Structures are given as C-alpha cells and as structure tokens.
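**Student:** A predicted structure for the sequence below; I have some questions about it.
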Amino acid sequence: MIYQKLLDFPQDFLWGASTSAYQVEGGWDADGKSPSIIDMYEHPAGYADFTVASDHYHRFEEDIALFAQMGLKAYRFSIAWTRILPNGTGEVNRAGVEHYRAVIRACRKYNIEPIVTMYHFDLPWCLEQQGGWLNRATIDAFEAYCRVLLEEYGDAVKYWLTINEQNTMILHPGAIGLPKGGVLPSRRELYQMNHHMMLAQARVMKLCHAMCSQAKIGPALNLTAMYPETCRPEDAIAAHNWEVLRCWNFADVPVFGWYHPLAVRYLEDRGLMPDVQPGDRETLSGAHPDFIAMNYYSTATIAASRGDASDVSARAGDQQIMLGEEGVYRAAENPYVGKTKYGWVIDPTGFRYTLRKVCERYHLPILITENGIGAPDVLEDDGSIHDPYRIEFYEQHLHAMREAITDGVEMMGYCPWSALDVVSTHQGYAKRYGFIYVDRDEQDCRSMRRLPKDSFYWYQKTIAENGKNL
Ligand code: BG6
C-alpha cells in the first residue's frame with residue numbers, strides 16, 4: 001500500500017533500548033546471587049563468558065545516565081531470578097531486591113520508563129537440578145518469584161514482560177547453551193516444558209492484573225514472517241507450516257488460551273503433545289496479555305518439504321537461521337534481502353509484513369522489545385566508533401515501522417537490541433549490538449570504558465524529532 005502521507009509516531013511512543021541481565025550485568029556471584037543455568041553452561045572456546053559481561057551490575061548509574069543523554073524514554077532490562085531468590089524459591093535476597101530498586105530509581109530519575117522482563121533465559125541452576133521446566137513445581141516457583149517482583153516494584157513499574165523468547169528456548173535450545181556434558185532435552189520433553197512455561201506465564205499475567213491494576217503485561221516472543229520460495233502452492237503450505245510452528249503457536253496460547261489448531265495436529269501426529277492436567281485449559285484461558293511484545297531480527301524463506309532427511313540443512317542454525325524439518329519445510333534463500341556478517345537476513349519490509357500479521361491475528365498493541373544488527377564494530381584511535389551499517393539498519397526498520405503505523409498497526413514503542421554492547425547468546429563479544437561501545441574484547445576486560453557510537457548520536461536525534469524524518 002502506498003499512502004499520500006505517512007502517519008507520525010505517537011506522541012507517547014516509547015523510544016527505548018534493551019538488555020538482558022546475564023548478557024550485560026556480570027557480577028555473576030555478587031551479593032548473594034546463585035548460579036543460573038547460564039553460569040553452568042559450557043562456553044565455546046575463544047568467546048567471552050558471562051562472568052563480567054559489560055559490568056552493568058556495578059556501572060548501571062553511569063550507563064543509565066548515558067541512556068538519558070541519548071534521549072531514551074524507556075529501558076527494557078531483565079531481572080535475574082537468581083539475585084532475588086537464590087534458592088529459586090523461598091527466602092528473598094534483600095541485596096538483590098535493592099539492586100533492581102536502585103536500577104528502577106535511576107531510570108525514574110531521568111524519566112526513563114522501566115520495562116521489566118521477568119525471565120530472560122536464566123533459570124536458577126538449583127531449579128534446573130530438580131528438573132527445571134520439566135518439573136511442574138517450577139510453575140509454582142516462577143509464580144512465587146514474580147509475586148515478589150510485583151510486590152517490590154509494582155508501584156514503580158508499569159510495563160512487564162513475562163518470558164523472553166519462549167519459542168527460541170523450545171525450538172533452538174542449542175542457541176541458548178547446554179550445561180557442561182549435558183544433552184539437549186528430547187522434543188517431547190521440550191513441548192512439555194513449553195506447556196509448563198505457558199501455564200506459568202498465564203498465572204503471572206493473572207497475578208499481575210490482580211495485584212497491580214495499572215500495570216500492563218505481555219509475552220515477548222521472537223516473531224518472524226515466512227515467505228514461500230516461489231508461488232508454487234506447496235511452498236506456500238510449507239511457509240505456513242513453519243510460521244505456525246515457530247511463531248503463532250507460541251503467541252496464540254497467551255492470547256486465545258490454547259494451542260494453534262494446526263500445531264495441535266502436528267504435535268498429536270508426532271506424539272509430541274504435552275500431558276495436560278485437569279484445570280490447565282482453564283488456567284490458560286483465564287489470563288490475557290495487554291499487548292504483544294516481539295523481538296524481530298529477520299524473515300525466513302521456505303520451500304516445500306521433500307519428505308525425507310534432505311529437508312534438514314547441514315549448516316549451523318540458530319534462532320534466526322532456519323534449518324528445515326523433515327516432512328514440514330525446507331529452508332530456502334531469498335535473493336531480495338541482505339544478510340549480516342553473521343548470516344542473519346536483513347529485511348525491513350519483512351518487519352512491516354510481520355507487524356501487519358501480528359496486528360491482524362491478535363488485535364493488540366505491539367511493543368518491539370528487540371531489533372538490531374550484530375557487527376564487529378571497530379574502536380578508532382580517537383575513541384570514535386563508526387557504525388553506518390547500524391544507522392542504515394535502524395533507519396530502514398523504523399521507516400518500515402512507520403509504514404506499519406500508517407497501515408493501522410498500533411505500536412507502543414521500540415526497544416532495539418541493545419542499549420550498550422552485551423555478550424551475544426552464543427557468539428561472544430565481538431558480535432556487538434549496542435549504541436554504546438564497551439571497551440573490552442572476548443577475553444580481555446580492558447578499561448570497560450563506555451563510548452558512544454555514531455548510531456548513539458543518530459538515535460538521539462531521531463528520538464528528539466519523534467522520528468519525523470524517518
Ligand atoms: C534474541 C535474544 O534472540 O537475540 C537476545 O533475546 C540475543 O538475548 C539477541 O542476544 C541476539 O542474538 P545473539 O545470538 O546474536 O546474541
């Protein structure tokens with residue numbers, strides 16, 4: 001659709017940026033924190049681990065002052081469950097609670113809206129040892145943990161995100177890592193874990209609405225529209241298969257209270273349907289989100305299954321690089337889009353397309369909680385960092401978002417990944433995402449100095465103009 005005039009970004013649009021606790025904080029055992037599964041994971045040789053990360057735990061005041069200088073109106077960060085409840089449940093660690101109270105206070109000092117993710121991949125290790133998400137007791141533990149968050153911060157935090165990228169944890173568990181010597185859970189187990197996370201999320205959405213009448217809460221999923229490789233009808237079916245299984249099956253449950261009908265048939269056919277106990281359906285349908293939060297990095301292009309093992313590609317995949325699944329879909333190339341140095345598709349128009357689909361399916365406001373480009377940025381001798389590729393990426397994606405707004409999609413805000421450099425989930429520190437450079441490399445923590453990149457100044461100007469030149 002081409003319009004005579006693009007609509008403006010809303011006046012109260014939440015221009016923000018994101019991080020997650022384990023990727024940015026460091027202080028992995030500080031002030032009573034216990035290890036999370038991430039702390040116990042094997043790190044690929046040569047890559048930074050998460051023990052120091054960007055030392056945000058000790059430098060958040062300085063960092064948030066820089067965010068304010070950039071003009072951020074929102075900061076999306078996650079709380080580490082292991083700082084609040086080192087035993088996973090039970091006794092509250094006051095030092096951990098006070099740490100995040102100080103982070104929230106620092107945001108408020110600069111009129112930055114805190115947007116809090118309750119859980120971003122870092123399950124307490126002690127709970128993992130008791131079966132983790134396979135154990136239904138983890139549902140109670142998550143609810144108890146979130147109750148503490150709502151009690152402690154409910155008066156200061158308006159926007160809550162339940163679980164970050166549940167679909168990544170279930171579909172690409174290898175991208176998040178594996179405990180030393182561990183094996184990935186079976187697919188049957190993964191879908192059972194998924195069911196328990198869905199129940200936990202539903203309980204917490206309900207709890208949040210009961211405890212904090214002003215609060216808004218939603219899931220944060222990794223959503224990606226799929227294109228068929230050609231107009232061959234079989235390619236269109238395959239693209240739809242994977243879009244349902246990768247995206248809509250995860251977003252339908254919080255909104256509609258049950259799994260996507262096509263996904264149910266897929267799961268039943270393959271013996272993957274989770275055990276559902278009496279009362280589970282009522283729990284799922286008894287809660288609702290106020291918005292959909294979504295992380296968008298790229299689209300994928302899909303071809304019809306050949307019905308044999310050749311459907312699965314031999315290359316390395318991750319949360320954005322599709323591999324194919326026997327009898328379901330094959331990954332294909334798209335000649336019309338670009339790629340990052342790490343092989344992730346760059347597709348701003350696909351962003352608009354994905355937003356339109358999410359709007360059409362759920363009729364809820366949308367908050368972007370991640371979007372960005374990982375790149376090996378270079379620190380020049382004079383302390384500058386020139387990242388024109390990042391500026392171009394954001395310019396194009398924000399323009400596409402403005403087109404989506406003009407299409408009629410209700411957008412709440414944009415929190416790209418990431419506010420400052422973080423450790424990537426599985427590709428170390430050289431794969432940088434931030435507006436702010438942190439002076440360290442994979443192994444050497446160097447000065448840890450914070451240096452604004454060119455994109456910092458570009459975003460500052462864009463926010464000041466409320467995106468009117470996009
Ligand atoms: C998302 C995660 O999948 O992508 C983030 O929510 C992650 O935690 C981001 O950092 C970028 O991915 P990666 O693998 O490059 O760190």
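**Tutor:** Right, received. Where do you want to start? Numbering: from 1, shown residues only.

**Student:** the residue nearest to Ala238 when sequence neighbours are not counted bridge partners, please.
**Tutor:** Take Ala238 and drop its neighbours on the chain: the residue closest to it by Cβ to Cβ, 6 or more residues apart in numbering is Tyr329, 4.1 Å away. All C-beta spots, glycine's among them, are computed from the backbone N, C-alpha and C. Beta-bridge partners of Tyr329, counted by DSSP bridges, are Glu325.

**Student:** go on, Ile346?
**Tutor:** Counting by DSSP bridges, Ile346 is bridged to Gly338.

**Student:** what's around it, how many residues?
**Tutor:** By other Cβ atoms under 10 Å, the residues close to Ile346 number 19.

**Student:** and the residue nearest to Ala238, what pLDDT?
**Tutor:** The per-residue pLDDT reported for Tyr329 equals 97.

**Student:** got the contact list for Ile292?
**Tutor:** If you count contacts by Cβ atoms under 8 Å, 6 or more residues apart in numbering, Ile292 has them with 218-219, 221, 251, 255, 358, 362, 364-367.

**Student:** I meant to write Gln319 there.
**Tutor:** 165, 168, 171-172, 175, 222, 297, 425.

**Student:** try 7 Å this time
**Tutor:** 168, 172, 175, 222 (Cβ atoms under 7 Å, 6 or more residues apart in numbering).

**Student:** which residues does the third one contact?
**Tutor:** In other words, Ala175. 168, 318-319, 425-426.

**Student:** try it again at 6 Å.
**Tutor:** Each residue near Ala175 by Cβ atoms under 6 Å, 6 or more residues apart in numbering is listed here: 318-319, 425-426.

**Student:** still on that earlier bit, tell me the most packed of the contacts of Ile292, by neighbour count.
**Tutor:** Busiest of these [other Cβ under 10 Å] is Gly218, holding 29 neighbours.

**Student:** now that residue: which helix or strand?
**Tutor:** strand 216-222 (DSSP states H and E).

**Student:** look up the closest residue to the one residue in the stretch 351-470 of the chain that gets nearest to the ligand, ignoring the ones flanking it.
**Tutor:** Per Cβ to the nearest ligand atom, Ser424 is where the stretch 351-470 of the chain lies closest to the ligand, at 3.2 Å. The shortest distance from Ser424 to any non-neighbouring residue, by Cβ to Cβ, 6+ apart, is to Lys431 (4.4 Å).

**Student:** how about Met322?
**Tutor:** Nearest to Met322 is Ala331, by Cβ to Cβ, 6+ apart, at 4.1 Å.

**Student:** tell me which parts of this protein are close to the ligand?
**Tutor:** Residues of the chain lying close to the ligand (Cβ under 6 Å from any ligand atom) are 20, 23, 164-165, 168, 222, 295, 319, 370, 374, 417, 424-427, 431.

**Student:** of those residues, buried ones?
**Tutor:** 20, 23, 164-165, 168, 222, 295, 319, 370, 374, 417, 424-426, 431 (16 or more other Cβ atoms under 10 Å).

**Student:** okay, and which of those residues map to strands?
**Tutor:** With DSSP state E as the criterion, strands contain 164, 222, 295, 370 from among those.

**Student:** tell me the bridge partners for the last one.
**Tutor:** Think Glu370. Beta-bridge partners recorded for Glu370 (DSSP bridges): Asn295.

**Student:** looking at it, it is touching Trp417, isn't it?
**Tutor:** Yes - between Glu370 and Trp417 there is a contact under Cβ atoms under 6 Å: 4.1 Å.

**Student:** with only the CA atoms kept, save the lowest-mean-pLDDT helix or strand in the chain in CSV.
**Tutor:** The helix or strand of the chain with the poorest confidence is helix 173-176; it has a mean of 77 (mean pLDDT, DSSP states H and E). Output of helix 173-176 as CSV, limited to C-alpha atoms (Å, rounded to 0.1, in the frame of the first residue of the first chain):
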residue,chain,number,x,y,z
PRO,A,173,17.7,-24.8,22.8
GLY,A,174,21.3,-25.2,21.5
ALA,A,175,21.5,-21.5,20.8
ILE,A,176,21.0,-20.7,24.5
